[in-house]
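Asks: 3D, please:
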Amino acid sequence: MWSIMLASSFSTVFTQSTNPKLFLTTSSARNGKKIKAMASSSPKRETDPKKRIVITGMGLVSVFGSDIDVYYNKLLAGESGITLIDRFDTSDFAVKIAAQIRGFSSEGYIDGKDDRRLDDCWRYCLVAGKRALDDANLGKQVIDEMDKTRMGVMVGSGMGNQMGFSNGMEALLEKGSNKISPFFIPHSVSNMGSALLAIDTGMRGPSCLVSASSATSNYCFNAAANHIRRGDTDVMVAGGTDAAIIPLGLGGFIACRALSHRNEDPHKASRPWDVHRDGFVMGEGAAVLIMESVEHAMKRGARVYAEYLGGAVTCDAHHITNPHPDGLAVASCIIKALEDAGVAAEEVNYVNAHATSTPLGDLAEFKAIKKVFHNTSNLKMNATKSIIGHAMGAAGGLEAIATIKAINTGWLHPTINQDEVEGEVTIDTVPNVKKQHQINVAISNSCGLGGHNSVVVFAPFSP
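Replies: I've put the predicted structure just below:
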């Protein structure tokens, strides 16, 4: 693995030769030390069917509903899901827009008693997880006949049970401690999504999560894959969930000065890479993938959507909210992910970018992409958040599904609101209209508060 030391003033040179060598040289102006790391000169993809990982099921809850095809068709049409918030009174809020889910139903997935007790964060998780299992033909009867100790759950949340926490604080302040719900603590801990799915399905393998703000889903995919590769499990249910469009969540992000204030034109508010972008737009939802070893999937005759080739995680170690402007750690994360996947940079021809529509974040990520991919003539990148907003810990999962659907359909959804793209953004952002594109290898980037970066690599599956 690569060793990278970060200091306050780094100069970085990335060199990519026509053979698949990747170099990273980092020098610190403070002490003059240099660190040099080199990936394998001949990347090789995993061939062991026990360690190769495929995606056999997908489930989501999104602003466009819970049907995968409807979700992707809305993305392809460039139909914005961002509207004025009507869930609560926003008259006292400077921001009044979000990609708010309406008409959500958990019928058939959560019993009535639990449904009334649970925050939307966990309701979304359960529905997305169970829909993914159904999609993979891993319903209860099938799972009951399998070795459940070799099946695990890793569905994370960047924000957790925000509504439950808010309600608990309100009860404490207005009515006293004896009025706090007995479910306040159990439902507030961020691991409860994974726990509830494990309880409902009986899966007794690893059941935990990684909570890494907006990078959460990809962290969970990476960790889940490592469980399969190590031989701990055959199947992992992995992804992310969040539901923070509540007064406390909205007010908090306004206070961070992170959100777009384009209240008068919600559909135009999320505009990654556009020179007039003014912040991200809150979203919500959940997205779950069924990750399975090729050996296990083939034995049970599972349908395969795509192959998970690898992933990586890094940290900017820079600031609690702002990305490092040079993109060093993000570039490092992409390179590590390609190394883990056994893929040369030249093989990648699609990037589903983190691209939140913030002035600093969009350019920092773009700089990172350019440092890794020097010849970008065949590379396309788009921003799912331009359409569905930023679903926090669920964002990477929703974008992973968009990436896999792009692999399956040969169509990339547009990045909408590309009216005047930043001059230095020279890669095709699929502006405003969908494009056909045969994907060879795709990466999906996610970056979170605190400088957490995560990248996952997908490709068409060839047995």
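Asks: List the residues that contact H413.
Replies: Y72, L75, L76, G78, N382, T384, I387, A402, A406, V430, K434 (CB atoms under 8 Å, 6 or more residues apart in numbering). From N, CA and C alone the C-beta is placed, and that goes for glycine too.
Asks: The fourth one and S270, how far apart?
Replies: Right, the one you point to is G78. The gap separating G78 from S270 is 12 Å, by CB to CB, to the nearest Å.
Asks: what about those two, which has more around it?
Replies: Each of G78 and S270 has its neighbours counted (other CB atoms under 10 Å); S270 has more, 34 against 19.
Asks: Just to check, the more buried one is in contact with A355?
Replies: No. Assessed by CB atoms under 8 Å, S270 is found out of contact with A355, at 9.3 Å.
Asks: Overlap in contacts, these two.
Replies: Counting by CB under 8 Å, 6+ apart, the common neighbours of S270 and A355 are K385, S386.
Asks: For the spatially most central residue of the chain, give its distance to S105.
Replies: With distances taken as CA atoms, centre = their mean, G396 lies nearest the centre of the chain, 0.8 Å away. G396 sits 25 Å away from S105, going by CB to CB.
Asks: Could you list the low-pLDDT ranges of the protein?
Replies: Counting by pLDDT under 70, the chain contains low-confidence residues at 1-42.
Asks: try 50 this time
Replies: 1-40 (pLDDT under 50).
Asks: Which residue ranges make up each domain of it?
Replies: 1-42, 53-299, 311-459 (automatic domain parsing).
Asks: Can you report how many residues neighbour A195?
Replies: By the criterion of other CB under 10 Å, A195 has 17 neighbours.
Asks: And K175, by the same measure?
Replies: Residues within reach of K175, counting by other CB under 10 Å, total 10.
Asks: Look up phi and psi at it.
Replies: As for K175, its main-chain torsions (degrees, to the nearest 10) stand at phi -130, psi -10.
Asks: one step back: which of the domains of the chain sits most buried?
Replies: Sort the domains of the chain by mean neighbour count, taking mean count of other CB atoms under 10 Å, and domain 311-459 sits at the top with a mean of 23.
Asks: quick revisit: ok, so of the contacts of H413, who is nearest I185?
Replies: Each of the contacts of H413 was scored against I185 by CB to CB, and T384 proved nearest at 34.1 Å.
Asks: Pretty sure the closest one sits against L75.
Replies: Yes. Contact criterion CB under 8 Å: T384 and L75 qualify, at 6.7 Å.
Asks: Report the set of residues contacting both of these two.
Replies: Common neighbours of T384 and L75, using CB under 8 Å, 6+ apart, are A402, H413.
Asks: State the helix or strand in which I228 lies.
Replies: If you go by DSSP states H and E, I228 is part of helix 216-229.
Asks: Adjacent strands (with direction) for the next helix or strand after that helix?
Replies: As assigned by DSSP H and E, the chain's next helix or strand after helix 216-229 is strand 235-242. Partners of strand 235-242 in the sheet, by DSSP bridges, are strand 151-156 (parallel), strand 285-293 (antiparallel).
Asks: Report the angle between strand 235-242 and helix 216-229.
Replies: 170 degrees (axes from the mean of the first three to the mean of the last three CA atoms, to 10 degrees).
Asks: Tell me how far strand 235-242 lies from the chain's centre.
Replies: Relative to its parent chain, strand 235-242 has a centroid offset of 10 Å by CA atoms, centre = their mean, to the nearest Å.
Asks: Please save the CA atoms from that strand in CSV.
Replies: What follows is strand 235-242, C-alpha atoms only, in CSV (Å, rounded to 0.1, in the frame of the first residue of the first chain):
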residue,chain,number,x,y,z
VAL,A,235,-22.7,-11.9,0.6
MET,A,236,-22.7,-8.3,1.9
VAL,A,237,-25.6,-5.9,2.0
ALA,A,238,-23.9,-2.5,1.8
GLY,A,239,-24.8,1.2,1.2
GLY,A,240,-25.9,4.3,2.9
THR,A,241,-29.0,6.1,4.3
ASP,A,242,-29.8,9.7,5.5
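Asks: could you point out which element follows it?
Replies: The helix or strand immediately downstream of strand 235-242 is helix 247-255, counting by DSSP H and E.
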